[in-house]
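**Q** Structure of the sequence below:
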Amino acid sequence: MTPSQKKAVARHRERQQQKGNVRVEVNVPEHDRGLLRAVAAELRLGGSTAARVRQALQTALADKRPPSFKQMLESAPLEGVELERSRDPGRDIGF
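**A** Got it, this is the predicted structure:
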């Protein structure tokens, strides 16, 4: 790549960064390449279509996300578990 080409690429990436876009590399099956490019193009354009695509993806992938720590604690069976802790260390501590 020539120095002028490198400068052009750097300027292009800087403009994209100023727009709030980031470069992402993913590995997908070849038959999904066009689909992923179309999704990325819609998200990059913004607007109502991007919002619908984003919502559809979030809905489709919601079940595949691991539960958060808070969700795991909320669903944990804690009946009969003593959660209170004594402040007494059980021994004298001299200062």
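
**Q** any idea of the mean pLDDT for the helix or strand that Arg11 is a member of?
**A** Assigned by DSSP states H and E, Arg11 belongs to helix 3-18. Helix 3-18 comes out with an average pLDDT of 94.

**Q** list the helices and strands it packs on?
**A** The helices and strands touching helix 3-18, judged by 3 or more Cβ pairs under 8 Å, 6 or more residues apart in numbering; DSSP states H and E, number zero. All C-beta spots, glycine's among them, are computed from the backbone N, C-alpha and C.

**Q** can I get the CA coordinates of that helix in PDB?
**A** What follows is helix 3-18, C-alpha atoms only, in PDB (Å, rounded to 0.1, in the frame of the first residue of the first chain):
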ATOM      1  CA  PRO A   3       1.800   6.200   1.600                       C
ATOM      2  CA  SER A   4      -1.000   8.200   0.000                       C
ATOM      3  CA  GLN A   5      -3.300   5.100   0.200                       C
ATOM      4  CA  LYS A   6      -2.400   4.600   3.900                       C
ATOM      5  CA  LYS A   7      -3.200   8.300   4.600                       C
ATOM      6  CA  ALA A   8      -6.600   8.000   2.800                       C
ATOM      7  CA  VAL A   9      -7.500   4.900   4.800                       C
ATOM      8  CA  ALA A  10      -6.500   6.700   8.000                       C
ATOM      9  CA  ARG A  11      -8.600   9.700   7.200                       C
ATOM     10  CA  HIS A  12     -11.500   7.500   6.300                       C
ATOM     11  CA  ARG A  13     -11.300   5.600   9.600                       C
ATOM     12  CA  GLU A  14     -11.000   8.900  11.500                       C
ATOM     13  CA  ARG A  15     -14.100  10.300   9.900                       C
ATOM     14  CA  GLN A  16     -16.000   7.100  10.700                       C
ATOM     15  CA  GLN A  17     -14.800   7.300  14.300                       C
ATOM     16  CA  GLN A  18     -16.000  10.900  14.500                       C
END
